[in-house]
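>>> what would the 3D arrangement of this be:
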Amino acid sequence: MTAHAQQLQQPQRAGMDLETELRAAVARKVGDAKFGLWFGEGVRLGVDGDALEVGVPNGFFREWIRGHFSGSLVEAAEAVVGRPLQLTFRVDAESDVDTEPKPKPRGGRAVEVVRAEDSRTSAQTNASAIAPAPVERPRAPQGRPLRRLDDFIAGPGSRLALAAAREMATSMGSGFNPLVIHGGVGLGKTHLLEGIATAMRAANPGLKVVQLTAEAFTNGFLDAMRANSLTGFRSRYRGASALILDDVHFLAAKRATQNEFLHTFNALCSEGVPIVLAADQHPRLIAKLTDELATRFLGGMVVKLDAPDPATRRAILKNKALARGVDVPDPVIAYVAEHLRGSVRELEGALHSLIAHALLTGKRLDLNLAKTALRDTIRHTAQAIALKDVERAVCRLFSLDPEALKSDSRSHAVAHPRMLAMYLSRKHTGAAYSEIGRFFGGRNHSTVISAEKKVASWLQDLQRHRLLAGFETVADILSTLESEIGA
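Residues are numbered from 1 along each chain as shown. Model prediction:
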(Lines give C-alpha, C1' and ligand atoms only; values in the text may rest on other atoms or scores of the structure.)
Protein backbone atom coordinates (compact mmCIF):
# COMPACT_ATOMS: atom_id res chain seq x y z
CA MET A 1 0.00 0.00 0.00
CA THR A 2 1.34 3.45 -0.90
CA ALA A 3 2.27 6.03 1.74
CA HIS A 4 -0.46 8.23 0.35
CA ALA A 5 -3.05 5.50 0.82
CA GLN A 6 -1.83 4.92 4.36
CA GLN A 7 -2.11 8.63 5.08
CA LEU A 8 -5.71 8.64 3.89
CA GLN A 9 -6.51 5.82 6.28
CA GLN A 10 -5.15 7.49 9.40
CA PRO A 11 -7.74 7.97 12.15
CA GLN A 12 -9.47 11.30 11.75
CA ARG A 13 -11.94 11.20 14.61
CA ALA A 14 -12.11 9.89 18.12
CA GLY A 15 -13.54 6.40 18.42
CA MET A 16 -13.89 5.80 14.70
CA ASP A 17 -11.46 6.54 11.84
CA LEU A 18 -12.63 8.46 8.79
CA GLU A 19 -12.61 5.51 6.42
CA THR A 20 -14.82 3.49 8.74
CA GLU A 21 -17.30 6.36 8.88
CA LEU A 22 -17.19 6.75 5.11
CA ARG A 23 -17.76 3.06 4.52
CA ALA A 24 -20.68 3.00 6.94
CA ALA A 25 -22.25 6.04 5.26
CA VAL A 26 -21.83 4.58 1.79
CA ALA A 27 -23.28 1.23 2.92
CA ARG A 28 -26.38 3.03 4.21
CA LYS A 29 -26.66 4.93 0.94
CA VAL A 30 -26.30 2.08 -1.56
CA GLY A 31 -27.54 -0.85 0.55
CA ASP A 32 -25.63 -3.69 2.16
CA ALA A 33 -25.89 -6.04 -0.85
CA LYS A 34 -24.34 -3.62 -3.36
CA PHE A 35 -21.84 -2.37 -0.82
CA GLY A 36 -20.62 -5.89 -0.10
CA LEU A 37 -20.26 -6.62 -3.82
CA TRP A 38 -18.48 -3.45 -4.97
CA PHE A 39 -16.85 -1.96 -1.85
CA GLY A 40 -15.13 -4.96 -0.29
CA GLU A 41 -11.57 -5.16 0.98
CA GLY A 42 -10.10 -4.19 -2.40
CA VAL A 43 -11.75 -0.74 -2.35
CA ARG A 44 -10.46 2.03 -0.07
CA LEU A 45 -12.14 5.33 0.81
CA GLY A 46 -10.42 8.46 1.99
CA VAL A 47 -10.53 12.26 1.91
CA ASP A 48 -7.60 14.30 0.62
CA GLY A 49 -8.32 18.02 0.92
CA ASP A 50 -11.53 18.64 -1.01
CA ALA A 51 -11.43 15.31 -2.81
CA LEU A 52 -13.07 12.01 -1.95
CA GLU A 53 -10.51 9.48 -3.15
CA VAL A 54 -11.65 5.96 -3.98
CA GLY A 55 -8.88 3.39 -4.24
CA VAL A 56 -9.84 0.48 -6.53
CA PRO A 57 -7.99 -2.70 -7.55
CA ASN A 58 -8.32 -2.19 -11.32
CA GLY A 59 -9.80 -0.09 -14.09
CA PHE A 60 -12.90 -2.23 -14.34
CA PHE A 61 -13.92 -1.41 -10.76
CA ARG A 62 -13.18 2.26 -11.40
CA GLU A 63 -15.48 2.43 -14.45
CA TRP A 64 -18.28 0.48 -12.76
CA ILE A 65 -18.21 2.48 -9.51
CA ARG A 66 -17.92 5.77 -11.38
CA GLY A 67 -20.88 4.87 -13.62
CA HIS A 68 -23.19 3.52 -10.92
CA PHE A 69 -22.29 5.03 -7.53
CA SER A 70 -20.71 8.47 -8.11
CA GLY A 71 -23.66 10.44 -6.76
CA SER A 72 -24.19 8.16 -3.78
CA LEU A 73 -20.48 8.24 -2.87
CA VAL A 74 -20.26 12.03 -2.92
CA GLU A 75 -23.50 12.51 -0.98
CA ALA A 76 -22.47 10.00 1.69
CA ALA A 77 -18.99 11.48 2.07
CA GLU A 78 -20.24 15.07 2.22
CA ALA A 79 -22.64 14.07 4.99
CA VAL A 80 -19.67 12.70 6.96
CA VAL A 81 -17.17 15.55 6.50
CA GLY A 82 -19.69 18.40 6.21
CA ARG A 83 -18.27 20.11 3.12
CA PRO A 84 -18.45 19.75 -0.70
CA LEU A 85 -16.17 17.12 -2.21
CA GLN A 86 -15.03 16.12 -5.65
CA LEU A 87 -14.78 12.44 -6.59
CA THR A 88 -11.39 11.05 -7.64
CA PHE A 89 -10.11 7.53 -8.23
CA ARG A 90 -6.79 5.80 -7.57
CA VAL A 91 -6.06 2.45 -9.23
CA ASP A 92 -3.80 0.67 -6.75
CA ALA A 93 -2.68 -2.04 -9.17
CA GLU A 94 -1.53 0.41 -11.85
CA SER A 95 1.47 2.71 -11.70
CA ASP A 96 0.26 4.84 -14.62
CA VAL A 97 -3.22 4.19 -15.91
CA ASP A 98 -2.92 6.55 -18.86
CA THR A 99 0.03 4.84 -20.51
CA GLU A 100 0.01 1.81 -22.76
CA PRO A 101 -0.38 -1.35 -20.68
CA LYS A 102 2.60 -3.64 -20.37
CA PRO A 103 2.09 -7.38 -20.97
CA LYS A 104 1.11 -9.14 -17.77
CA PRO A 105 1.10 -12.82 -16.86
CA ARG A 106 -2.20 -14.66 -16.47
CA GLY A 107 -3.95 -13.49 -13.35
CA GLY A 108 -2.72 -9.86 -13.60
CA ARG A 109 -5.40 -7.27 -13.00
CA ALA A 110 -4.38 -4.21 -15.00
CA VAL A 111 -7.09 -2.83 -17.27
CA GLU A 112 -6.45 -0.15 -19.89
CA VAL A 113 -8.99 2.65 -20.18
CA VAL A 114 -9.41 3.70 -23.80
CA ARG A 115 -10.80 7.17 -24.38
CA ALA A 116 -12.94 8.19 -27.31
CA GLU A 117 -10.33 10.82 -28.15
CA ASP A 118 -7.61 8.14 -28.24
CA SER A 119 -4.55 9.73 -29.79
CA ARG A 120 -4.01 8.83 -33.40
CA THR A 121 -2.37 10.46 -36.41
CA SER A 122 -4.42 13.50 -37.40
CA ALA A 123 -5.80 13.71 -40.94
CA GLN A 124 -3.84 15.63 -43.55
CA THR A 125 -5.48 17.86 -46.14
CA ASN A 126 -4.38 15.57 -48.95
CA ALA A 127 -7.58 13.67 -49.63
CA SER A 128 -6.24 10.24 -50.49
CA ALA A 129 -2.69 10.08 -49.20
CA ILE A 130 -1.71 6.43 -48.93
CA ALA A 131 0.04 5.42 -45.72
CA PRO A 132 2.47 2.47 -45.36
CA ALA A 133 0.86 -0.95 -45.51
CA PRO A 134 -0.57 -2.12 -42.14
CA VAL A 135 1.42 -4.63 -40.11
CA GLU A 136 0.36 -8.20 -40.91
CA ARG A 137 -1.57 -9.89 -38.08
CA PRO A 138 -2.99 -13.38 -37.53
CA ARG A 139 -6.11 -13.79 -39.64
CA ALA A 140 -9.60 -15.18 -39.03
CA PRO A 141 -10.96 -18.07 -41.14
CA GLN A 142 -12.67 -15.49 -43.39
CA GLY A 143 -9.25 -14.05 -44.26
CA ARG A 144 -9.51 -10.78 -42.33
CA PRO A 145 -7.16 -9.93 -39.43
CA LEU A 146 -8.35 -11.12 -36.04
CA ARG A 147 -9.97 -8.36 -34.05
CA ARG A 148 -8.17 -7.26 -30.89
CA LEU A 149 -9.28 -5.36 -27.82
CA ASP A 150 -6.57 -2.78 -28.52
CA ASP A 151 -8.36 -1.94 -31.79
CA PHE A 152 -11.69 -1.22 -30.10
CA ILE A 153 -12.42 2.51 -29.96
CA ALA A 154 -14.36 3.14 -26.78
CA GLY A 155 -16.55 6.07 -25.86
CA PRO A 156 -18.92 6.88 -22.98
CA GLY A 157 -21.39 4.19 -24.05
CA SER A 158 -18.83 1.41 -24.49
CA ARG A 159 -15.97 2.13 -22.09
CA LEU A 160 -17.34 -0.09 -19.34
CA ALA A 161 -17.91 -2.98 -21.77
CA LEU A 162 -14.30 -2.72 -22.96
CA ALA A 163 -13.03 -2.62 -19.38
CA ALA A 164 -15.09 -5.72 -18.56
CA ALA A 165 -13.76 -7.49 -21.66
CA ARG A 166 -10.17 -6.73 -20.68
CA GLU A 167 -10.81 -7.91 -17.15
CA MET A 168 -12.29 -11.20 -18.39
CA ALA A 169 -9.40 -11.78 -20.79
CA THR A 170 -6.84 -11.07 -18.07
CA SER A 171 -8.40 -12.82 -15.09
CA MET A 172 -9.96 -15.75 -17.00
CA GLY A 173 -13.22 -15.33 -15.11
CA SER A 174 -11.84 -15.07 -11.59
CA GLY A 175 -13.40 -11.61 -11.10
CA PHE A 176 -16.87 -12.49 -12.45
CA ASN A 177 -18.34 -15.25 -14.57
CA PRO A 178 -20.10 -15.18 -16.99
CA LEU A 179 -19.67 -11.89 -18.84
CA VAL A 180 -22.76 -10.93 -20.85
CA ILE A 181 -22.45 -8.06 -23.36
CA HIS A 182 -25.70 -6.80 -24.87
CA GLY A 183 -26.60 -4.03 -27.28
CA GLY A 184 -27.99 -3.22 -30.70
CA VAL A 185 -26.82 -4.52 -34.05
CA GLY A 186 -23.44 -3.34 -35.30
CA LEU A 187 -22.17 -1.76 -32.07
CA GLY A 188 -19.12 -4.00 -31.55
CA LYS A 189 -20.27 -7.02 -29.54
CA THR A 190 -18.60 -9.49 -31.91
CA HIS A 191 -15.44 -7.37 -31.92
CA LEU A 192 -15.21 -7.57 -28.14
CA LEU A 193 -15.85 -11.32 -28.11
CA GLU A 194 -13.21 -11.98 -30.74
CA GLY A 195 -10.83 -9.61 -28.95
CA ILE A 196 -11.29 -11.54 -25.70
CA ALA A 197 -10.58 -14.83 -27.48
CA THR A 198 -7.50 -13.38 -29.18
CA ALA A 199 -6.15 -12.01 -25.89
CA MET A 200 -6.75 -15.30 -24.07
CA ARG A 201 -4.93 -17.29 -26.74
CA ALA A 202 -2.03 -14.83 -26.85
CA ALA A 203 -1.56 -14.97 -23.07
CA ASN A 204 -2.02 -18.73 -22.87
CA PRO A 205 -0.75 -20.53 -26.00
CA GLY A 206 -2.48 -23.86 -26.48
CA LEU A 207 -5.55 -22.77 -24.53
CA LYS A 208 -8.72 -24.43 -25.85
CA VAL A 209 -10.89 -21.37 -26.47
CA VAL A 210 -14.18 -22.41 -28.11
CA GLN A 211 -15.72 -19.45 -29.92
CA LEU A 212 -18.90 -19.72 -32.01
CA THR A 213 -22.41 -18.38 -32.53
CA ALA A 214 -25.52 -19.68 -30.82
CA GLU A 215 -26.78 -20.72 -34.26
CA ALA A 216 -23.69 -22.90 -34.80
CA PHE A 217 -24.15 -24.42 -31.33
CA THR A 218 -27.80 -25.17 -32.16
CA ASN A 219 -26.99 -26.72 -35.54
CA GLY A 220 -24.22 -28.81 -34.01
CA PHE A 221 -26.54 -30.05 -31.29
CA LEU A 222 -29.25 -31.04 -33.79
CA ASP A 223 -26.71 -32.78 -36.04
CA ALA A 224 -25.31 -34.66 -33.04
CA MET A 225 -28.80 -35.83 -32.05
CA ARG A 226 -29.54 -37.04 -35.57
CA ALA A 227 -26.18 -38.83 -35.78
CA ASN A 228 -26.48 -40.25 -32.26
CA SER A 229 -23.16 -38.61 -31.36
CA LEU A 230 -24.07 -36.40 -28.41
CA THR A 231 -21.14 -37.72 -26.37
CA GLY A 232 -18.63 -36.22 -28.79
CA PHE A 233 -20.60 -32.98 -29.04
CA ARG A 234 -20.67 -32.57 -25.26
CA SER A 235 -17.02 -33.47 -24.91
CA ARG A 236 -16.05 -30.67 -27.29
CA TYR A 237 -17.83 -27.93 -25.39
CA ARG A 238 -17.57 -29.18 -21.82
CA GLY A 239 -13.85 -29.76 -22.25
CA ALA A 240 -13.22 -26.15 -23.26
CA SER A 241 -10.83 -23.86 -21.38
CA ALA A 242 -13.06 -20.90 -22.29
CA LEU A 243 -16.43 -20.67 -24.05
CA ILE A 244 -17.38 -17.57 -26.05
CA LEU A 245 -20.88 -17.58 -27.57
CA ASP A 246 -22.25 -14.84 -29.83
CA ASP A 247 -25.93 -14.08 -30.57
CA VAL A 248 -27.17 -15.99 -27.52
CA HIS A 249 -30.67 -14.63 -28.18
CA PHE A 250 -30.82 -17.17 -31.05
CA LEU A 251 -31.45 -19.84 -28.39
CA ALA A 252 -34.83 -18.28 -27.54
CA ALA A 253 -37.83 -20.62 -28.01
CA LYS A 254 -35.53 -23.59 -28.66
CA ARG A 255 -36.25 -25.50 -25.49
CA ALA A 256 -34.15 -28.61 -26.16
CA THR A 257 -31.12 -26.55 -27.20
CA GLN A 258 -31.51 -24.30 -24.16
CA ASN A 259 -31.56 -27.35 -21.87
CA GLU A 260 -28.40 -28.68 -23.53
CA PHE A 261 -26.66 -25.32 -23.20
CA LEU A 262 -27.78 -25.06 -19.56
CA HIS A 263 -26.03 -28.34 -18.74
CA THR A 264 -22.93 -27.19 -20.64
CA PHE A 265 -23.01 -23.86 -18.81
CA ASN A 266 -23.31 -25.54 -15.40
CA ALA A 267 -20.51 -27.99 -16.16
CA LEU A 268 -18.12 -25.22 -17.20
CA CYS A 269 -19.04 -22.89 -14.33
CA SER A 270 -18.46 -25.65 -11.79
CA GLU A 271 -14.91 -25.96 -13.14
CA GLY A 272 -14.31 -22.20 -13.10
CA VAL A 273 -14.14 -22.01 -16.90
CA PRO A 274 -14.72 -18.44 -18.21
CA ILE A 275 -17.88 -17.94 -20.27
CA VAL A 276 -18.52 -14.87 -22.43
CA LEU A 277 -21.89 -14.26 -24.09
CA ALA A 278 -23.31 -11.59 -26.40
CA ALA A 279 -26.97 -10.80 -27.10
CA ASP A 280 -29.02 -8.07 -28.70
CA GLN A 281 -30.99 -7.48 -25.47
CA HIS A 282 -30.61 -7.72 -21.73
CA PRO A 283 -31.08 -11.38 -20.67
CA ARG A 284 -34.34 -10.52 -18.89
CA LEU A 285 -35.76 -9.07 -22.11
CA ILE A 286 -34.97 -12.02 -24.40
CA ALA A 287 -38.36 -13.51 -25.19
CA LYS A 288 -38.78 -17.22 -24.46
CA LEU A 289 -35.41 -17.59 -22.77
CA THR A 290 -35.87 -19.99 -19.85
CA ASP A 291 -35.61 -18.57 -16.35
CA GLU A 292 -32.90 -21.13 -15.60
CA LEU A 293 -30.62 -19.64 -18.26
CA ALA A 294 -31.60 -16.02 -17.63
CA THR A 295 -30.81 -16.23 -13.92
CA ARG A 296 -27.46 -17.87 -14.60
CA PHE A 297 -26.54 -15.17 -17.08
CA LEU A 298 -27.40 -12.56 -14.46
CA GLY A 299 -25.14 -14.29 -11.94
CA GLY A 300 -22.06 -12.74 -13.51
CA MET A 301 -21.46 -9.35 -15.13
CA VAL A 302 -24.06 -7.92 -17.53
CA VAL A 303 -22.92 -4.82 -19.41
CA LYS A 304 -24.55 -2.82 -22.19
CA LEU A 305 -23.04 -1.41 -25.38
CA ASP A 306 -24.63 1.89 -26.40
CA ALA A 307 -24.40 3.57 -29.79
CA PRO A 308 -21.26 5.74 -30.13
CA ASP A 309 -21.49 9.48 -29.52
CA PRO A 310 -20.21 11.96 -32.17
CA ALA A 311 -16.64 12.11 -30.83
CA THR A 312 -16.42 8.33 -30.73
CA ARG A 313 -17.84 8.02 -34.24
CA ARG A 314 -15.14 10.36 -35.53
CA ALA A 315 -12.43 8.39 -33.73
CA ILE A 316 -13.77 5.11 -35.15
CA LEU A 317 -13.78 6.46 -38.69
CA LYS A 318 -10.26 7.85 -38.34
CA ASN A 319 -8.98 4.57 -36.96
CA LYS A 320 -10.59 2.45 -39.69
CA ALA A 321 -9.36 4.78 -42.42
CA LEU A 322 -5.78 4.55 -41.18
CA ALA A 323 -6.14 0.76 -40.96
CA ARG A 324 -6.95 0.85 -44.68
CA GLY A 325 -3.88 2.98 -45.31
CA VAL A 326 -5.94 6.02 -46.28
CA ASP A 327 -5.76 9.45 -44.65
CA VAL A 328 -9.25 10.94 -44.80
CA PRO A 329 -9.63 14.71 -44.25
CA ASP A 330 -11.24 15.85 -41.02
CA PRO A 331 -14.23 17.57 -42.74
CA VAL A 332 -15.12 14.27 -44.43
CA ILE A 333 -14.80 12.37 -41.14
CA ALA A 334 -17.02 14.94 -39.40
CA TYR A 335 -19.63 14.82 -42.19
CA VAL A 336 -19.96 11.03 -42.10
CA ALA A 337 -20.01 10.93 -38.27
CA GLU A 338 -22.73 13.57 -38.13
CA HIS A 339 -25.09 11.93 -40.61
CA LEU A 340 -24.65 8.23 -39.85
CA ARG A 341 -25.39 7.51 -36.20
CA GLY A 342 -26.86 4.03 -36.08
CA SER A 343 -23.98 1.59 -35.80
CA VAL A 344 -20.26 1.07 -36.24
CA ARG A 345 -20.99 -1.28 -39.15
CA GLU A 346 -22.86 1.51 -40.87
CA LEU A 347 -19.92 3.88 -40.42
CA GLU A 348 -17.48 1.32 -41.77
CA GLY A 349 -19.66 0.64 -44.81
CA ALA A 350 -19.88 4.34 -45.63
CA LEU A 351 -16.11 4.72 -45.30
CA HIS A 352 -15.44 1.75 -47.62
CA SER A 353 -17.90 3.20 -50.12
CA LEU A 354 -16.13 6.56 -50.06
CA ILE A 355 -12.68 5.08 -50.56
CA ALA A 356 -13.89 2.86 -53.40
CA HIS A 357 -15.69 5.78 -55.04
CA ALA A 358 -12.53 7.90 -54.97
CA LEU A 359 -10.37 5.10 -56.40
CA LEU A 360 -12.79 4.12 -59.16
CA THR A 361 -13.51 7.68 -60.32
CA GLY A 362 -10.03 9.06 -59.75
CA LYS A 363 -11.53 12.00 -57.86
CA ARG A 364 -10.16 13.73 -54.80
CA LEU A 365 -11.61 12.37 -51.55
CA ASP A 366 -13.05 15.59 -50.18
CA LEU A 367 -16.30 16.88 -48.73
CA ASN A 368 -17.94 17.34 -52.13
CA LEU A 369 -17.23 13.74 -53.06
CA ALA A 370 -18.58 12.55 -49.69
CA LYS A 371 -21.85 14.43 -50.15
CA THR A 372 -22.28 12.99 -53.64
CA ALA A 373 -21.25 9.42 -52.89
CA LEU A 374 -23.27 9.09 -49.68
CA ARG A 375 -26.37 11.03 -50.74
CA ASP A 376 -28.59 7.96 -51.07
CA THR A 377 -27.13 6.24 -48.00
CA ILE A 378 -27.79 9.24 -45.78
CA ARG A 379 -31.26 9.88 -47.22
CA HIS A 380 -32.38 6.30 -46.56
CA THR A 381 -30.71 6.18 -43.13
CA ALA A 382 -31.93 9.47 -41.71
CA GLN A 383 -35.64 8.84 -42.10
CA ALA A 384 -38.05 10.93 -40.05
CA ILE A 385 -39.23 9.47 -36.74
CA ALA A 386 -43.01 9.37 -36.42
CA LEU A 387 -45.24 9.25 -33.35
CA LYS A 388 -46.21 5.72 -34.39
CA ASP A 389 -42.52 4.69 -34.19
CA VAL A 390 -42.28 5.95 -30.61
CA GLU A 391 -45.52 4.21 -29.66
CA ARG A 392 -44.34 0.92 -31.18
CA ALA A 393 -40.99 1.02 -29.36
CA VAL A 394 -42.51 1.87 -25.96
CA CYS A 395 -45.22 -0.79 -26.27
CA ARG A 396 -42.68 -3.41 -27.26
CA LEU A 397 -40.27 -2.65 -24.43
CA PHE A 398 -42.97 -2.46 -21.73
CA SER A 399 -45.14 -5.26 -23.23
CA LEU A 400 -48.14 -2.94 -23.52
CA ASP A 401 -50.99 -2.81 -25.99
CA PRO A 402 -51.17 0.53 -27.89
CA GLU A 403 -54.72 1.02 -26.64
CA ALA A 404 -53.51 0.70 -23.04
CA LEU A 405 -50.90 3.39 -23.66
CA LYS A 406 -53.65 5.72 -24.89
CA SER A 407 -56.14 4.76 -22.18
CA ASP A 408 -57.15 6.75 -19.09
CA SER A 409 -55.26 4.37 -16.78
CA ARG A 410 -53.18 6.14 -14.14
CA SER A 411 -51.37 3.04 -12.87
CA HIS A 412 -47.59 3.39 -12.91
CA ALA A 413 -47.31 0.41 -15.27
CA VAL A 414 -49.10 2.46 -17.93
CA ALA A 415 -48.72 6.12 -16.92
CA HIS A 416 -44.91 6.04 -16.69
CA PRO A 417 -44.38 4.45 -20.13
CA ARG A 418 -46.85 7.01 -21.51
CA MET A 419 -44.76 9.84 -20.04
CA LEU A 420 -41.62 8.37 -21.61
CA ALA A 421 -43.41 8.13 -24.96
CA MET A 422 -44.48 11.78 -24.77
CA TYR A 423 -40.96 12.86 -23.81
CA LEU A 424 -39.40 10.98 -26.74
CA SER A 425 -42.08 12.24 -29.11
CA ARG A 426 -41.32 15.83 -28.20
CA LYS A 427 -37.57 15.25 -28.45
CA HIS A 428 -37.41 13.37 -31.75
CA THR A 429 -40.54 13.85 -33.87
CA GLY A 430 -40.86 17.60 -34.03
CA ALA A 431 -44.59 17.26 -33.30
CA ALA A 432 -46.32 20.01 -31.32
CA TYR A 433 -47.46 19.45 -27.74
CA SER A 434 -51.10 19.44 -28.81
CA GLU A 435 -50.44 16.90 -31.60
CA ILE A 436 -48.63 14.55 -29.19
CA GLY A 437 -51.44 14.86 -26.66
CA ARG A 438 -54.09 14.00 -29.24
CA PHE A 439 -52.12 10.97 -30.44
CA PHE A 440 -51.70 9.53 -26.95
CA GLY A 441 -55.34 9.38 -25.97
CA GLY A 442 -56.75 12.83 -26.78
CA ARG A 443 -54.90 14.65 -24.02
CA ASN A 444 -54.22 18.39 -23.97
CA HIS A 445 -50.88 20.10 -24.42
CA SER A 446 -50.40 20.76 -20.69
CA THR A 447 -50.39 17.00 -20.02
CA VAL A 448 -47.51 16.56 -22.48
CA ILE A 449 -45.59 19.46 -20.95
CA SER A 450 -46.06 17.93 -17.50
CA ALA A 451 -44.85 14.53 -18.74
CA GLU A 452 -41.79 16.13 -20.34
CA LYS A 453 -40.89 17.88 -17.09
CA LYS A 454 -41.43 14.72 -15.06
CA VAL A 455 -39.10 12.63 -17.23
CA ALA A 456 -36.51 15.43 -17.19
CA SER A 457 -36.63 15.37 -13.38
CA TRP A 458 -36.09 11.61 -13.42
CA LEU A 459 -33.01 12.08 -15.57
CA GLN A 460 -31.57 14.66 -13.18
CA ASP A 461 -32.35 12.62 -10.07
CA LEU A 462 -29.42 10.45 -8.95
CA GLN A 463 -31.76 7.89 -7.39
CA ARG A 464 -32.50 4.74 -9.36
CA HIS A 465 -35.95 4.46 -10.94
CA ARG A 466 -36.81 0.82 -11.48
CA LEU A 467 -39.57 1.33 -14.03
CA LEU A 468 -38.62 -1.87 -15.84
CA ALA A 469 -36.75 -5.01 -14.80
CA GLY A 470 -33.26 -5.11 -16.24
CA PHE A 471 -32.77 -1.32 -16.22
CA GLU A 472 -31.33 0.67 -13.34
CA THR A 473 -32.10 4.19 -14.53
CA VAL A 474 -34.51 6.08 -16.73
CA ALA A 475 -31.53 7.07 -18.87
CA ASP A 476 -30.92 3.39 -19.62
CA ILE A 477 -34.53 2.91 -20.71
CA LEU A 478 -34.50 6.03 -22.90
CA SER A 479 -31.24 4.93 -24.51
CA THR A 480 -32.78 1.58 -25.42
CA LEU A 481 -35.93 3.22 -26.80
CA GLU A 482 -33.91 5.73 -28.84
CA SER A 483 -31.88 2.91 -30.32
CA GLU A 484 -35.13 1.15 -31.23
CA ILE A 485 -36.56 4.17 -33.05
CA GLY A 486 -33.25 4.96 -34.75
CA ALA A 487 -32.65 8.27 -33.00
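>>> mind listing residues that contact stretch 423-430?
Surrounding stretch 423-430, the residues in contact under the criterion C-beta atoms under 8 Å, 6 or more residues apart in numbering are 384-387, 390, 393-394, 431, 433, 436, 439-440, 448, 451-452, 455-456, 478, 481-482, 485, 487. All C-beta spots, glycine's among them, are computed from the backbone N, C-alpha and C.
>>> so Val302 belongs to a strand, correct?
Yes: secondary structure assignment (DSSP: H, G, I helix; E, B strand; the rest coil) places Val302 inside a strand.
>>> contacting residues for it?
Contacts of Val302 (C-beta under 8 Å, 6+ apart): Val180, His182, His282, Pro283.
>>> roughly how far apart are it and Ala164?
9 Å (C-beta to C-beta, to the nearest Å).
>>> how about Asp246, phi and psi?
Main-chain dihedrals, Asp246, degrees, to the nearest 10: phi -100, psi 160.
>>> wait, doesn't it sit right on Leu192?
No: using C-beta atoms under 8 Å, Asp246 is not in contact with Leu192, being 9.9 Å away.
>>> overlap in contacts, those two.
Going by C-beta under 8 Å, 6+ apart, residues that sit against Asp246 and also against Leu192 are Ala278.
>>> got a pLDDT number for the closest residue to Ala287 other than its chain neighbours?
Nearest residue to Ala287 in three dimensions, chain neighbours excluded: Ala252, at 5.7 Å (C-beta to C-beta, 6 or more residues apart in numbering). Looking at Ala252, its pLDDT is 89.
>>> repeat for the one 5 residues further on
According to the model's per-residue confidence, Thr257 sits at a pLDDT of 94.
>>> residue ranges with poor pLDDT in the stretch 251-400 of the chain?
342, 379-384 (pLDDT under 70).
>>> where exactly do the helices run in it?
255-270, 291-297, 310-323, 330-339, 344-361, 367-373, 375-381, 387-398 (DSSP state H, counting those that start in this stretch).
>>> please point out which parts of the fourth one sit buried.
In other words, helix 330-339. For helix 330-339, the neighbour count (16 or more other C-beta atoms under 10 Å) marks Val332, Ile333, Ala334, Tyr335, Val336, Ala337, His339 as buried.
>>> mind putting those residues into TSV with distance to Asp306?
Listed next are these as TSV, based on distance: C-beta to C-beta, whole Å:
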residue	distance to Asp306
Val332	25
Ile333	21
Ala334	21
Tyr335	23
Val336	19
Ala337	16
His339	19
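>>> tell me which of the residues you listed is nearest to Gly46?
Comparing the buried residues of helix 330-339 against Gly46 with C-beta to C-beta places Ala337 closest, at 40.7 Å.
>>> and the closest one, how far from Val328?
11 Å.
>>> what touches both of these two?
Leu317.
>>> over to Ala154. Which of the three states is it?
Under three-state DSSP, Ala154 comes out as coil.
>>> the nearest residue to Gln86 once chain neighbours are set aside bridge partners, please.
Leaving aside its chain neighbours, Gln86 sits nearest to Ala51 (5.1 Å; criterion: C-beta to C-beta, 6+ apart). Per DSSP bridges, the residues bridged to Ala51 are Asp48, Gln86.
>>> and the one 4 residues further on, by the same measure?
Per DSSP bridges, the residues bridged to Gly55 are Arg44, Arg90.
>>> quick one: it and Phe61 touch, right?
No: at 9.6 Å, Gly55 does not count as touching Phe61 under the criterion of C-beta under 8 Å.
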